[in-house]
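Peer 1: here is my input; please provide its structure:
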Amino acid sequence: MTRREKAIIYVNSSYITDASAMPSFQNINEEVQFEVEIVQIIQVRDMVGDGRLIKRRIRDGKGEFPMDCPLQDSLLCIHYKGMLPDEGGKVFYDTRVDGNGQPLEFGSGEGMVPEGLEMCIRLMLPNEIAVISSTSDYAYDKFKRPENVPEGANIQWEVELLEFKMPKDWTGLNFNEIMDEAEKIKSTGNRLFKDGKYELAKAKYEKLLKEFNHVNPQDDDEGKIFVQTRSSLHLNVAACYQKIGEYKKSLESCNKVLGENPRHAKALYRRGVAYMSCGDFDEARKDFKMIIDVDKSLEPDVTAALAKLKRKEQEAEEKTRKQFKGLFDKKPGQIAEEGSKKMVDNEHDPYHIQGSKGSAQNSDDSDGEEFEKSPQAAKLGAFSRIWTRGKKVMKGFGLQRCTIL
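Peer 2: Numbering: from 1, shown residues only. Next up, the predicted model:
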């Protein structure tokens with residue numbers, strides 16, 4: 001059924017069960033007729049699938065869902081009221097009261113509002129009113145918390161999406177106009193990076209790189225500007241990946257620049273840092289030293305980078321030494337000597353295999369020797385049973401013992 005639809009529903013008595021929202025139907029053995037009208041449908045959406053962020057539509061908006069929602073980064077205009085559900089719905093901010101009646105305008109994808117609030121607004125239609133219930137991790141745990149909101153508090157927002165404006169379509173713009181629009185988005189990404197919002201900054205840079213696939217410079221001058229801007233975006237993406245600890249992806253972004261210009265100093269430096277963070281110190285050293293060949297003026301920066309690289313290597317070696325402490329304390333050949341000593345001791349071990357004739361030396365000199373095994377020796381593995389023959393082979397090559405290291 002749809003909203004405002006009316007219908008008559010006939011239900012056989014065998015399908016009638018007790019329900020809290022309906023009157024009791026005890027002792028009814030005949031068909032029941034229901035006349036139903038859908039007055040309102042409240043859409044409830046669990047945004048992350050675990051109940052921590054719930055969006056309830058209170059008033060329908062205009063347009064078709066989701067085509068007319070601000071799914072892409074847009075300029076949004078909203079009225080909202082923030083409440084504390086655990087304190088009886090206490091209001092901590094209302095744009096219609098505290099904001100002098102002025103709505104809040106902000107750009108999505110820029111970290112201007114709490115994450116949970118923006119996620120839900122992206123799925124609203126113009127003129128829609130929704131109530132958003134959020135735990136603290138999608139509210140103010142990672143966002144500047146209002147003074148009158150307790151730490152770790154659950155939040156409820158009542159939001160009305162007044163309107164939104166989509167970003168300018170680049171179709172029909174000339175090259176200079178496109179570069180101006182790109183610079184605005186890049187500047188936003190730079191601001192987000194400085195604020196420590198690396199994922200949001202990366203999203204801005206990657207969005208531009210995607211749009212650049214449809215930009216076609218018309219001459220050499222435009223081509224040079226375009227390549228420089230695109231390289232800068234790739235390196236900004238690489239920097240974001242390094243900040244969030246994804247060094248292999250950072251390498252991939254650097255390689256996209258170096259694939260076009262193998263002597264790009266900034267790309268070499270950033271890739272060197274990524275290699276160093278991955279523990280590939282030799283490759284990092286190559287990149288850092290190559291920077292000096294590209295630009296002598298950067299030698300002080302390279303010297304500092306190489307010094308840091310040396311410290312990283314020493315830390316890695318010390319860590320490895322601690323992990324294998326004891327093994328590296330033995331001198332070369334010491335492990336083999338201890339092994340030889342154990343072989344001599346085995347001559348008196350009841351598990352040691354003895355020849356049926358003569359001494360152990362005779363056993364080594366006889367090709368067709370048959371061996372008797374004690375009951376204990378019968379339990380040994382195949383390697384132990386053929387070891388005596390193995391000793392003879394080693395001796396044939398002039399190797400009285402096997403040394404390690």
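Peer 1: now do the strands in this structure.
Peer 2: 6-11, 32-37, 44-46, 53-59, 75-84, 90-94, 104-107, 129-134, 155-165 (DSSP state E).
Peer 1: okay, now the sheet partners of the shortest one, with direction.
Peer 2: Strand pairing for strand 44-46, using DSSP bridges, gives strand 53-59 (antiparallel).
Peer 1: what's the burial count for the closest residue to Leu306 other than its chain neighbours?
Peer 2: Excluding its sequence neighbours, the residue lying closest to Leu306 (CB to CB, 6 or more residues apart in numbering) is Phe288, at 5.5 Å. Quick note: C-beta positions are derived from backbone N, CA and C, even for glycine. Phe288: 25 surrounding residues under other CB atoms under 10 Å.
Peer 1: just to revisit the earlier point, adding mean neighbour count and mean pLDDT, write the strands of the chain out as JSON lines.
Peer 2: JSON lines is the format used below for the strands of the chain (neighbours: other CB atoms under 10 Å; pLDDT from 0 to 100):
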{"stretch": "strand 6-11", "mean neighbour count": "10", "mean pLDDT": "94"}
{"stretch": "strand 32-37", "mean neighbour count": "10", "mean pLDDT": "91"}
{"stretch": "strand 44-46", "mean neighbour count": "11", "mean pLDDT": "96"}
{"stretch": "strand 53-59", "mean neighbour count": "18", "mean pLDDT": "96"}
{"stretch": "strand 75-84", "mean neighbour count": "19", "mean pLDDT": "97"}
{"stretch": "strand 90-94", "mean neighbour count": "15", "mean pLDDT": "97"}
{"stretch": "strand 104-107", "mean neighbour count": "15", "mean pLDDT": "95"}
{"stretch": "strand 129-134", "mean neighbour count": "22", "mean pLDDT": "98"}
{"stretch": "strand 155-165", "mean neighbour count": "20", "mean pLDDT": "97"}
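Peer 1: picking that back up, am I right that the residue nearest to Leu306 is in contact with Ala265?
Peer 2: No - counting by CB atoms under 8 Å, Phe288 sits too far from Ala265 to count as a contact (10.6 Å).
Peer 1: and the helices in the stretch 101-250 of the chain?
Peer 2: 115-121, 175-194, 198-212, 220-243, 247-258 (DSSP state H, counting those that start in this stretch).
Peer 1: between those, which one is nearest to Glu151?
Peer 2: For Glu151, the closest of the helices of the stretch 101-250 of the chain is helix 115-121, at 16.4 Å, according to CB to CB.
Peer 1: picking up where we left off before, need the strands of the chain in JSON lines (columns: distance to Asn190).
Peer 2: Putting the strands of the chain into JSON lines (distance: least, CB to CB, whole Å) gives the following:
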{"stretch": "strand 6-11", "distance to Asn190": "57"}
{"stretch": "strand 32-37", "distance to Asn190": "55"}
{"stretch": "strand 44-46", "distance to Asn190": "34"}
{"stretch": "strand 53-59", "distance to Asn190": "29"}
{"stretch": "strand 75-84", "distance to Asn190": "19"}
{"stretch": "strand 90-94", "distance to Asn190": "29"}
{"stretch": "strand 104-107", "distance to Asn190": "14"}
{"stretch": "strand 129-134", "distance to Asn190": "29"}
{"stretch": "strand 155-165", "distance to Asn190": "22"}
